[in-house]
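Enquirer: below: sequence and its predicted model.
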Amino acid sequence: MADIDVKEVKRLRELTGVGITDAKKALVEAKGDFDKALEAMRKKGMTKAEKRGEREALSGVIGTYNHDGRIGVLVEVSCETDFVARNEIFTEFVKDIAMHVAASNPEYLSQEAVPEEMLAEKRTEFTTKAKADGKPEKMIENIVEGMLKKHFAERCLLDQPFIKDQDKSVEQYTKEKIAKLGENILIRRFSRFELGEVS
């Protein structure tokens, strides 16, 4: 059995919100490889987060971020209790999401929020492109679906790589906070304003 560094156990706990025993067990199973252990715990953390996702989130805050007086963001993030809404971890999370929106300028919250007509328009565009590129007919549907997923992943907040850690999406970052705080957290909506921008 690999010698497990107590600092690594603590770090893994902080990142995933699991108990000491689970964090240590994951590191032992990963033979001391922190990244492998983190990946395993992320999966477990997400499972916990998905169970919590069934609970109603009726509390929360409206967060703001202002960048040099030129970009302003409002974001509504919900949780289950006022206790968590006032928690430093939660308020920091809301600030991070507002900052991410300012920097990454997402158009939609999630792929489910993309209007049907926009999906249809892009599907037609990508189908035409795939055919023009001489892709095999039986592969076109799969190619188009992949192109759609990539196109909208860049434009949907939850799918974008989180600005402070590009190795995880905003959705994964949210699930880590759900695991840590023990409550369902929902990013409900956001608005981004840029000086001189015409809507």
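Expert: Looks like it arrived, so ask away. Numbers count the residues shown, from 1 in each chain.
Enquirer: the strands in this structure, which residues?
Expert: 59-67, 71-79, 161-162, 165-169, 186-194 (DSSP state E).
Enquirer: and stretch 67-81, average pLDDT?
Expert: Per-residue pLDDT values over stretch 67-81 give a mean of 93.
Enquirer: any idea which of the strands of the chain is most buried?
Expert: Among the strands of the chain, the stretch with the highest mean neighbour count (mean count of other Cβ atoms under 10 Å) is strand 71-79, at a mean of 20. For the C-beta atoms, the positions are set from N, CA and C on the backbone; glycine is no exception.
Enquirer: about what we covered before: tell me which of the strands of the chain sits nearest to residue 9.
Expert: Evaluated with Cβ to Cβ, the strands of the chain place strand 165-169 nearest to residue 9, the distance being 20.2 Å.
Enquirer: which strands or helices does the closest one pack on?
Expert: Contact analysis of strand 165-169 by 3 or more Cβ pairs under 8 Å, 6 or more residues apart in numbering; DSSP states H and E lists strand 161-162 as its packing neighbours.
Enquirer: for the strand it packs on, which strands pair with it and how are they oriented?
Expert: For strand 161-162, the paired strands and their directions (DSSP bridges) read strand 165-169 (antiparallel).
Enquirer: now do the strand it pairs with: distance to the chain's middle.
Expert: In terms of Cα atoms, centre = their mean, to the nearest Å, the centre of strand 165-169 is found 8 Å from the chain centre.
Enquirer: run through who's touching that strand.
Expert: 42, 158-162, 173, 176 (Cβ atoms under 8 Å, 6 or more residues apart in numbering).
Enquirer: out of these, which is most surrounded?
Expert: Neighbour counts for these were taken using other Cβ atoms under 10 Å; the highest belongs to residue 176, with 23 neighbours.
Enquirer: most widely separated two among the contacts of strand 165-169?
Expert: Spatially, the most separated pair among these is 42 and 160, at 17.4 Å (Cβ to Cβ).
Enquirer: that older thread, between the contacts of strand 165-169, which is nearest residue 140?
Expert: Nearest to residue 140 among these is residue 159, at 23.3 Å by Cβ to Cβ.
Enquirer: now that closest one: closest residue in space, sequence neighbours ignored.
Expert: On the basis of Cβ to Cβ, 6 or more residues apart in numbering, the spatially nearest residue to residue 159 that is not a chain neighbour turns out to be residue 153, at 4.0 Å.
Enquirer: how near is that neighbour to residue 126?
Expert: In this structure, residue 153 and residue 126 are separated by 14 Å, where distance is defined by Cβ to Cβ, to the nearest Å.
Enquirer: more neighbours, the two?
Expert: Higher neighbour count among residue 153 and residue 126: residue 126, with 19 against 14, using other Cβ under 10 Å.
Enquirer: correct me, but the more buried one touches residue 144?
Expert: Yes. Using Cβ atoms under 8 Å as the test, residue 126 is close enough to residue 144 to be in contact (4.6 Å).
Enquirer: related to what we said a few turns ago, let me have the contacts of strand 165-169 in JSON lines, extended by pLDDT and distance to residue 190.
Expert: As requested, the contacts of strand 165-169 are exported to JSON lines (pLDDT from 0 to 100; distance: Cβ to Cβ, whole Å):
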{"residue": "42", "pLDDT": "65", "distance to residue 190": "24"}
{"residue": "158", "pLDDT": "95", "distance to residue 190": "11"}
{"residue": "159", "pLDDT": "93", "distance to residue 190": "14"}
{"residue": "160", "pLDDT": "94", "distance to residue 190": "12"}
{"residue": "161", "pLDDT": "93", "distance to residue 190": "17"}
{"residue": "162", "pLDDT": "96", "distance to residue 190": "15"}
{"residue": "173", "pLDDT": "95", "distance to residue 190": "15"}
{"residue": "176", "pLDDT": "93", "distance to residue 190": "19"}
